[in-house]
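Q: Curious how this folds, go ahead:
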Amino acid sequence: MKVGFFFPGYGCQFVGMAKDFYDNNRIMQEYFEEAHQCLDKNFVKLCFASSETELAECENAYISLYLVGISLAAILQKEGVIPSVVAGYDVGEYTALSVAGSLNLPDAVYLLRKYAKNYTEFLENKNLKAIRIKGMEKEVIQKMCSSFANGAHEARITVIEKDDQCVLVGTKTALDLIEKECKKNPLIEIEETHLGGGIHASTVDAVVKNIKMYLEKVDFKECTIPFVAGV
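A: Okay, here's the model as predicted:
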């Protein structure tokens, strides 16, 4: 039987995640120690004894999810569970690349810190919002985005989760109008979601441009395990 490893992205973090594994596996403890040496941050305290608000900060969540992911993968591999393919959602792709042998831990936490810093600074200067729409075809959602976007206001589909479920990112004004329109149909579900999920739209092209220079400094190796990109 073939096995694939799929690593989650922002939004899956919670205080106490994988603590039982940390307490009982030296492999995981060593990864946390190495990250502490690289970034001078106590990830043990952050993951197991902080608050949900503190852990949800982009830099904290990105790197904590990465550490938990590579640790669990290493524990599984030690027990003989070897993946035939790896993939990741959002920042989970960094974890997948490390498990595939392409990206080492120091480079990964370096990139995740730079990414989080650039992304957080970008969001501080923008009046953006993210919502998830369930029960509406993506073609209809796209038409709404086009009709409610004008001048300084924009709305874009950033993640297509299903044919009738998408995540939108845009200015608060545009998304408020879309939300109001959707509420006219009781079969449509709308929920606000966190912007920490990453750079999926041209709305945040400035972040892509800034992080590119750091990506070019890292020596990515050939994957020893097939890696599937999330594009």
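Q: What values do phi and psi take at the residue in the chain sticking out farthest from the centre?
A: Distance from the C-alpha centroid of the chain peaks at Lys184, with 31.5 Å (Cα atoms, centre = their mean). As for Lys184, its main-chain torsions (degrees, to the nearest 10) stand at phi -70, psi -20.
Q: Kindly provide the distance from it to Gly135.
A: 13 Å (Cβ to Cβ, to the nearest Å). Where C-beta positions appear, they are placed from N, C-alpha and C, glycine not excepted.
Q: Output the one helix or strand Tyr115 maps to as CSV, nothing but the C-alphas.
A: Secondary structure assigned from DSSP states H and E places Tyr115 in helix 105-124. As requested, the backbone C-alpha atoms of helix 105-124 are provided in CSV (Å, rounded to 0.1, in the frame of the first residue of the first chain):
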residue,chain,number,x,y,z
LEU,A,105,15.2,23.3,8.8
PRO,A,106,17.4,26.4,9.1
ASP,A,107,16.4,27.6,5.6
ALA,A,108,12.7,26.7,6.1
VAL,A,109,12.3,28.7,9.4
TYR,A,110,14.3,31.5,7.9
LEU,A,111,12.0,31.7,4.9
LEU,A,112,8.8,31.3,7.0
ARG,A,113,9.9,34.1,9.3
LYS,A,114,10.6,36.4,6.4
TYR,A,115,7.4,35.5,4.7
ALA,A,116,5.4,36.1,7.9
LYS,A,117,7.1,39.5,8.6
ASN,A,118,6.4,40.7,5.0
TYR,A,119,2.9,39.5,5.0
THR,A,120,2.0,40.9,8.4
GLU,A,121,3.5,44.3,7.5
PHE,A,122,1.5,44.3,4.3
LEU,A,123,-1.8,43.5,6.1
GLU,A,124,-1.2,46.3,8.6
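Q: Quick one: mean pLDDT for it?
A: Helix 105-124 comes out with an average pLDDT of 92.
Q: other SSEs contacting that helix?
A: Applying 3 or more Cβ pairs under 8 Å, 6 or more residues apart in numbering; DSSP states H and E, we find helix 105-124 packed against helix 26-39, helix 58-78, helix 92-99, helix 205-215.
Q: Report the mean confidence score over the third one.
A: The predicted model gives helix 92-99 an average pLDDT of 97.
Q: quick one, that helix and helix 26-39 angle?
A: Angle, helix 92-99 to helix 26-39, by axes from the mean of the first three to the mean of the last three Cα atoms, to 10 degrees: 110 degrees.
Q: How about the second one?
A: Inter-element angle recorded for helix 58-78 and helix 26-39: 150 degrees (by the same axes, to 10 degrees).
Q: I'd like the distance from helix 58-78 to the chain centre, please.
A: Offset of helix 58-78 from its chain centre (Cα atoms, centre = their mean, to the nearest Å): 13 Å.
Q: For it, C-alpha coordinates in CSV please.
A: Taking C-alpha atoms only, helix 58-78 is exported to CSV below (Å, rounded to 0.1, in the frame of the first residue of the first chain):
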residue,chain,number,x,y,z
CYS,A,58,1.5,34.5,11.5
GLU,A,59,5.2,34.0,12.4
ASN,A,60,4.3,31.8,15.4
ALA,A,61,1.7,29.7,13.6
TYR,A,62,3.7,29.2,10.4
ILE,A,63,6.8,27.9,12.1
SER,A,64,5.0,26.0,14.8
LEU,A,65,2.9,24.1,12.2
TYR,A,66,6.2,23.4,10.3
LEU,A,67,7.9,22.0,13.3
VAL,A,68,5.0,19.8,14.3
GLY,A,69,4.7,18.6,10.7
ILE,A,70,8.3,17.6,10.1
SER,A,71,8.4,16.0,13.6
LEU,A,72,5.4,13.8,13.0
ALA,A,73,6.7,12.8,9.6
ALA,A,74,10.1,11.9,11.1
ILE,A,75,8.4,9.8,13.8
LEU,A,76,6.3,8.0,11.2
GLN,A,77,9.3,7.3,9.0
LYS,A,78,11.2,5.9,12.0
